[in-house]
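K.L.:
compute the structure for the input listed below.
(one chain, ligands or ions: 2)
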Amino acid sequence: MKKIAFFNNKGGVGKTTFAFHIGYMLEKLGKRVLFVDLDPQCNLTAHILNDEEIDKVWSDSGSSIYDAVEPIISGSGDVKFFSPHKLENRDVWLYAGDLLLSDYEGLLSEAWTQVLAGQERGYRASSAITRLVNLASSDLDIDYVIFDVGPNFGALNRAVLLDCDNIFVPMVPDLFSLRGSQNLGRVLSEWIRVYSDAMRRVGDLQFDVPHGKPKFSGYVLQQFNNYRNRKTKAWDRWGQQVPEYINKYVVIPLGTSGVLKLANYQLGEFKNYHSLIPMAQDAQKPIYELTSQDGVVGGHHEYVKNCNNEFRELALKFIEIVD
Ligand SMILES: Nc1ncnc2c1ncn2[C@@H]1O[C@H](COP(=O)(O)OP(=O)(O)OP(=O)(O)O)[C@@H](O)[C@H]1O
Ligand SMILES: [Mg+2]
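P.N.:
Ligands and ions are numbered 1, 2, ... in the order given. The predicted structure follows:
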């Protein structure tokens with residue numbers, strides 16, 4: 001089992017949409033996929049579940065990711081274990097997100113201080129999601145856990161990213177996005193360093209905790225504007241700078257232990273699919289599974305097919321890198 005996050009502290013670069021599409025493609029290729037929605041915005045959950053299903057997981061007897069950590073927040077106990085929601089006819093599972101997750105965020109900031117002081121209590125709180133996910137993954141024989149996280153360097157993301165095996169970075173080739181990504185490697189490497197020092201100080205723990213050794217494993221170029229199959233000039237100009245940015249602001253700050261050694265860090269591209277994106281959200285399907293019944297007309301069928309080929313390539317490359 002591998003744990004993966006598509007992370008960028010810059011918002012709106014397509015993290016959730018990409019995670020959804022690659023996750024479903026991995027399943028199409030025979031893998032068992034567990035999505036964990038750790039963004040209080042719950043966008044991934046809304047992409048996967050319909051309103052009725054969301055009502056159910058958010059009801060009193062619910063089973064969102066918040067319900068799992070609620071005993072820790074209220075101080076009444078440890079993480080509550082339950083199985084994730086399984087999608088009908090698919091080897092896809094989901095721990096649904098929850099707006100209330102932001103309550104856990106506050107507690108995790110406090111827990112981090114305890115972690116640094118070598119106090120077991122802090123490790124218990126910080127490892128709740130790790131323990132939940134590890135148990136579910138081994139029960140269900142999951143191949144890939146895909147975390148969807150919000151665009152920030154908060155305590156929840158720190159706990160989760162320190163537990164990932166691989167981190168991929170979605171990038172939009174424009175000025176704001178490139179500038180927004182300049183702290184990525186620096187902050188991640190600082191977390192890794194401080195956590196590894198803390199781990200050396202703490203005694204033997206009798207439960208799973210974040211391993212603290214995530215590796216940057218590539219980036220994805222998102223949302224190109226294509227014109228007659230060529231990237232428009234402005235996007236192209238920024239796009240050409242991405243490898244240099246990644247090297248300078250991610251690869252170098254993370255150093256050899258925080259980065260997978262790859263010749264080329266571009267996992268692939270996710271083009272601008274315009275109106276097929278909201279259509280996919282309505283149909284709760286990836287673009288490459290949309291049909292005429294979902295509203296695909298005329299030339300759009302060609303885009304659907306291309307999207308399938310693109311994501312197949314992406315997923316195969318992903319498997320090669322991660323495994
Ligand atoms: N390939 C694409 N083509 C066109 N639109 C896209 C594409 N990918 C994402 N979008 C749209 O861009 C917006 C941002 O995408 P998304 O929510 O996936 O980004 P995000 O990085 O997860 O955002 P956040 O930081 O808020 O979590 C959404 O409205 C989404 O529908
Ligand atoms: Mg998102």
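
K.L.:
contacts and neighbour counts: CA atoms only from here.
P.N.:
Noted.

K.L.:
what's the helix or strand for Arg124?
P.N.:
For Arg124, the element it lies in under DSSP states H and E is helix 120-126.

K.L.:
what does Val115 give?
P.N.:
helix 101-116.

K.L.:
try Gly185
P.N.:
Here Gly185 is assigned to helix 184-201, by DSSP H and E.

K.L.:
list the contacts of the helix or strand that that helix is followed by.
P.N.:
Note on helix 184-201: by DSSP H and E, the next helix or strand toward the C-terminus is strand 215-222. Under the criterion CA atoms under 8 Å, 6 or more residues apart in numbering, residues 13-14, 164-173, 239, 250-251, 257-260, 262, 264-272, 321-322 lie in contact with strand 215-222.

K.L.:
restricted to strands, list these.
P.N.:
Asn166, Ile167, Phe168, Val169, Pro170, Met171, Gln266, Leu267, Gly268, Glu269, Phe270 (DSSP state E).

K.L.:
is Lys3 in a helix, a strand, or coil?
P.N.:
The three-state label given to Lys3 by DSSP: H, G, I helix; E, B strand; the rest coil is strand.

K.L.:
hang on, it packs against Asn166?
P.N.:
Yes - assessed by CA atoms under 8 Å, Lys3 is found in contact with Asn166 at 6.6 Å.

K.L.:
any buried residues in the helix holding Val115, and which?
P.N.:
Buried residues in helix 101-116, defined by neighbour count with 16 or more other CA atoms under 10 Å: Leu101, Ser102, Tyr104, Glu105, Leu107, Leu108, Ser109, Ala111, Trp112, Gln114, Val115, Leu116.

K.L.:
so which of these reach ligand 1?
P.N.:
Applying CA under 6 Å from any ligand atom to the buried residues of helix 101-116, one finds that nothing falls near ligand 1.

K.L.:
so can I have TSV of the residues you listed showing pLDDT?
P.N.:
Output for the buried residues of helix 101-116, formatted as TSV (pLDDT from 0 to 100):
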residue	pLDDT
Leu101	94
Ser102	92
Tyr104	95
Glu105	93
Leu107	96
Leu108	97
Ser109	95
Ala111	97
Trp112	97
Gln114	96
Val115	97
Leu116	95
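
K.L.:
how about a markdown table for those residues, with distance to Asp143 added?
P.N.:
Converted to a markdown table, the buried residues of helix 101-116 look like this (distance: CA to CA, whole Å):
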| residue | distance to Asp143 |
| --- | --- |
| Leu101 | 25 |
| Ser102 | 28 |
| Tyr104 | 27 |
| Glu105 | 27 |
| Leu107 | 30 |
| Leu108 | 27 |
| Ser109 | 30 |
| Ala111 | 30 |
| Trp112 | 29 |
| Gln114 | 32 |
| Val115 | 29 |
| Leu116 | 32 |
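
K.L.:
gap between the nearest residue to Ser83 once chain neighbours are set aside and ligand 1?
P.N.:
Among residues not flanking Ser83 along the chain, Ala136 sits closest, at 6.2 Å (CA to CA, 6 or more residues apart in numbering). Here the distance between Ala136 and ligand 1 works out to 24 Å (CA to the nearest ligand atom, to the nearest Å).

K.L.:
Ala136 contacts Lys80, correct?
P.N.:
No - the criterion here is CA under 8 Å, and Ala136 misses it with Lys80 at 11.8 Å.

K.L.:
so where does the residue nearest to Ser83 fall, helix or strand?
P.N.:
Element membership for Ala136 (DSSP H and E) is helix 128-140.

K.L.:
can you give the distance of that helix from its chain's centre?
P.N.:
From the chain centre to the centre of helix 128-140 is a distance of 16 Å (CA atoms, centre = their mean, to the nearest Å).

K.L.:
quick one: buried residues of it?
P.N.:
Ala128, Ile129, Thr130, Arg131, Leu132, Val133, Asn134, Leu135, Ala136, Ser137.

K.L.:
report the contact partners of the first one.
P.N.:
Which is Ala128. Val69, Asp78, Val79.

K.L.:
circling back: which strands or helices does the helix holding Val115 pack on?
P.N.:
helix 65-74, helix 120-126, helix 155-161, helix 184-201 (3 or more CA pairs under 8 Å, 6 or more residues apart in numbering; DSSP states H and E).

K.L.:
JSON lines for these, including mean pLDDT and mean neighbour count?
P.N.:
Formatted as JSON lines, those follow (pLDDT from 0 to 100; neighbours: other CA atoms under 10 Å):
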{"stretch": "helix 65-74", "mean pLDDT": "96", "mean neighbour count": "20"}
{"stretch": "helix 120-126", "mean pLDDT": "96", "mean neighbour count": "21"}
{"stretch": "helix 155-161", "mean pLDDT": "98", "mean neighbour count": "24"}
{"stretch": "helix 184-201", "mean pLDDT": "96", "mean neighbour count": "17"}
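
K.L.:
low-scoring stretches of the chain, by residue?
P.N.:
Applying pLDDT under 70 to the chain flags residues 224-231.

K.L.:
redo that, cut-off 80
P.N.:
For the chain, the stretches with pLDDT under 80 are 60-62, 223-236.

K.L.:
I'm done for today, thanks for sticking with me.
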